[in-house]
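**Student:** Sequence below, structure please.
(2 chains)
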Amino acid sequence: MPVMTYRQALRETLREELQRDPDVLLIGEEIGAFEGSYKITEGLLKEFGPRRVRDTPIAEEGFVGAAIGAAMLGLRPIVEIMTINFSLLALDQIVNHAAKIYGMFGGQTSVPLVIRTPGGGGQQLGATHSQNIELYYSFVPGLKVLAPSTPAEAAAMLRAAVRDDDPVLLLENLGLYNSRGQVPDTAEVAEIGRAAVVRPGRDLTLIGYSRMVSVALQVAERFAESGVEIEVVDLRSLRPLDRATLVESVRRTGCAVVAEDDWLTYGIGAEIAATIQEGAFDHLDAPVRRVAMAEVPLPYAKPLELAALPNVTDLATVVEQTLRATRRVGA
Amino acid sequence: MAESPVPGTTAEAEPGPIPDLPRKRRPRSRKPKAIDGTEPEQLLEYLRLMLLIRRFEERAAQAYTQARIGGYCHLNLGEEATVVGVTQAMEPTDYLFTNYREHGYALGRGIDPGRAMAELYGRTTGVSKGWGGSMHMFDAQARLMGGYGIVGGQLPLAVGAALAVSYRGSAEAVVCHMGDGTTNIGAFHESLNLASLWDLPVVFVVVNNQLGMGTSVEQSCAEPELHRRAAAYRMAGVRVDGTDVLAVRDAVREALCVARREQRPTLVEAVSSRLRGHSVVDPARYRTPQEADAAQREDPLPRFQHRLREAGVLDDRTLADLQSAVAAEVTRAAAFAEESPHPQVASLFDHTYATAVANESRRLPADALFDVEAPACQ
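**Tutor:** Next comes the predicted model:
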């Protein structure tokens, strides 16, 4: 099983999908000659030509909408939006069109579209370039929203997204592009709508997605040294949300902490906490806690940015407090 | 497809012999003449379609005020010449994207008026199975790729459809209809730029009825000659009298030729007048009585009828036959809609996703997320 980066896993999968299906084409800003702002599409213009790898003007609403229209006629476009922040320029096309066209016309035409876009702070890019606004899309029926946390998941989810007949938003993460991991060479196709228990444990359920899964695993590793077994659940699919897997885990462990890279108020963690209280109320030994970004526009200055973003120490602190609240650890 | 008369009306639509007319201005010749190369039979078919749209829209307004139709209801009254000109210039294999003022375009594409009316009534037999309503009619067979309720939303989609046609190298073309107000929104400019930059076979048709809801073109457009906006994208832009069905047809036909032959987009501006308010419930108080009178004088139906009489194509009897035929057709359409079933609540979750997916929510407002006794997820 080869080891590769998240970036390489995405690139190799794009290449395979372009080779596999002549209806697949890439559309986006600077994906061709520039080879992608984050070099995900490196080499693909050279290999597949400008018909399959189409550079666009800076016009998110226009080219995302064009990809939707092309998908309605049966092409399978994969759009790159340079960062999720810029997807706001295409919000009307994603929310009012991609998500609605199948249902609004009575199921007569589907929109087999993939939108790949990275979120993530921590790069000192300032307030408008560091957001995690996947919630905006996770809120909308008709869309499917995936958030891979590893190179293997990135490949398997991208494959699933391309082969799915609905609009799928693949949330990548700037902080993960250089992360490495084993990627099976068996062309795995992820099942959309399923969470995964990525580390089993009996003492506490730690729930995250995208970058926060690796943070959660580091915390679990740290607690394992003192004999505390933390179960880590990777949400993987933000819509549909696999509530059953979450609740089943919390019913066993009796407590939960959610690690999210977005803002707390009305965030993804709020939905998770509400799900847990409804599905595992009688099993809870402590309140469900959320670890999330400070509620500020993310500042540029490094100390401020670092303070605002959730990290291993933050998560470990809240896990510790939650375990104490259950009276299973410490006094 | 729209050029063949709807079954059941063929006999009535035949021109038949032209009798002497008891009118002041009799046609010079009793022999029906072609106009600009369009044969009498075709001219009468255009008139029939215009009359059908007029009658359909009047019936829709009536049903709306009787609360048989919900939501918004925007009518093509006064725009019949543009609607018929645009749709009759298209090949059956061409694709049409429209805005929310679209009932006439559905009829013009040959969609059965019963299915269009049933959509307004929200019934399962409607073109969009009752999921779209007035603003969102879609029919894959007629290649009506949807009416869109968000101003400008259909433009990038039409560009994408043209991209798919171009990608496959096929001979189809795309027509994208919009109102004058749309030419101020960002999607308009992004779409025209993309279409020209990528050499796409798409025709943008701006129906300039001179009012975006209640705001005039002069109040909203720095360049009120909307066809000139195409120049910014090195695209041909033409202005045509939207009350002249033949002029609209010819302009759109020529643009479609250019789209197919040269893979180049065109902007066609068709200038006309809305006979009534923005929607059925709009009393149009922003119009002076003089402006309202002017709109009535621009009514394309009397104009076209007069032109056909002058050419000896139309007489009183033929007109009366056409009118009674479309009246009967619209009555049948309304009855069909009325008698069609409402969708079952059980079908509520049928159209969220095209590809079935694990853990798709199927809960109704009062449903619990979890069965308290079992871990099954709703």
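**Student:** And the helix or strand harbouring residue A:261, how far out from the chain middle?
**Tutor:** Assigned by DSSP states H and E, residue A:261 belongs to strand A:256-263. Computed by C-alpha atoms, centre = their mean, to the nearest Å, the chain-centroid distance of strand A:256-263 equals 13 Å.
**Student:** How about the contacts made by residue A:13?
**Tutor:** For residue A:13, the contacting residues are A:154-155, A:158-159, by C-beta atoms under 8 Å, 6 or more residues apart in numbering or on different chains. Every C-beta, even on glycine, is put in place using the N, C-alpha and C of the backbone.
**Student:** out of these, who's near chain B?
**Tutor:** When C-beta under 8 Å from any C-beta of the partner chain is applied, no member of those is adjacent to chain B.
**Student:** What is the nearest of the residues you listed to residue A:212?
**Tutor:** residue A:154 (15.4 Å; C-beta to C-beta).
**Student:** okay, now the nearest residue to the closest one once chain neighbours are set aside: neighbour count?
**Tutor:** Leaving out its chain neighbours, the residue that sits closest to residue A:154 by C-beta to C-beta, 6 or more residues apart in numbering or on different chains is residue A:148, at 4.1 Å. Using other C-beta atoms under 10 Å in any protein chain shown, residue A:148 has 28 neighbouring residues.
**Student:** Low-confidence regions, the chain specifically.
**Tutor:** Picked chain A for this. Counting by pLDDT under 70, the ranges of chain A that qualify are A:329-331.
**Student:** look at chain B instead
**Tutor:** In chain B (pLDDT under 70), the answer is B:1-30, B:372-378.
**Student:** Within range of chain B, give me the residues from the stretch 1-150 of chain A.
**Tutor:** Residues of the stretch 1-150 of chain A lying near chain B (C-beta under 8 Å from any C-beta): A:25, A:51, A:56-57, A:59, A:61-75, A:77, A:92-93, A:96-97, A:101-112, A:141-142, A:144.
**Student:** Which of those residues are buried? Put it as a PyMOL command.
**Tutor:** Applied in PyMOL, the following selects the buried portion of the residues of the stretch 1-150 of chain A next to chain B according to 16 or more other C-beta atoms under 10 Å in any protein chain shown:
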select buried, chain A and resi 25+56+59+61+62+63+64+65+66+67+68+69+70+71+72+73+75+77+92+93+96+97+101+102+103+104+105+106+107+108+109+110+111+112+142+144
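**Student:** Write out the residues of the stretch 1-150 of chain B neighbouring chain A.
**Tutor:** Contact residues (C-beta under 8 Å from any C-beta) of the stretch 1-150 of chain B with chain A: B:95, B:97, B:126-132, B:136, B:138-140, B:145-146, B:148, B:150.
**Student:** Please identify the buried residues of stretch A:126-139?
**Tutor:** Buried residues in stretch A:126-139 (16+ other C-beta under 10 Å): A:129-139.
**Student:** repeat for stretch B:294-306
**Tutor:** So stretch B:294-306, judged by 16+ other C-beta under 10 Å, has buried residues B:295, B:298-301, B:303-305.
**Student:** Equivalent analysis for stretch B:172-190, please.
**Tutor:** B:172-185, B:187-190.
**Student:** rewinding a little: what sits against the residue nearest to residue A:154?
**Tutor:** Applying C-beta under 8 Å, 6+ apart, the residues contacting residue A:148 are A:6, A:154, A:156-158, A:170-172, A:210, A:236.
**Student:** how about the helices of the stretch 1-150 of chain A, start to end?
**Tutor:** A:6-20, A:44-48, A:60-72, A:91, A:101-104, A:134-138 (DSSP state H, counting those that start in this stretch).
**Student:** Sort out for me which of the contacts of residue A:148 are in helices.
**Tutor:** Within the contacts of residue A:148, residues falling in helices by DSSP state H are A:6, A:154, A:156-158.
**Student:** Let's see if you can find the most crowded of those residues.
**Tutor:** residue A:154 (34 neighbours).
**Student:** I'd say that residue and residue A:12 touch.
**Tutor:** No: counting by C-beta atoms under 8 Å, residue A:154 stays clear of residue A:12, with 9.9 Å between them.
**Student:** residues from the stretch 151-300 of chain A in reach of chain B?
**Tutor:** So the stretch 151-300 of chain A meets chain B at A:164-166, A:191-194, A:237, A:240-244, A:247-248, A:251, A:275, A:278-279 (C-beta under 8 Å from any C-beta).
**Student:** Might you report the residue contacts of residue 255?
**Tutor:** Because you didn't say which chain, this covers chain A. A:203-205, A:284-286, A:288, A:322-323, A:325-326.
**Student:** wait, I meant chain B there
**Tutor:** Going by C-beta under 8 Å, 6+ apart, residue B:255 touches B:203, B:236, B:238, B:266, B:268.
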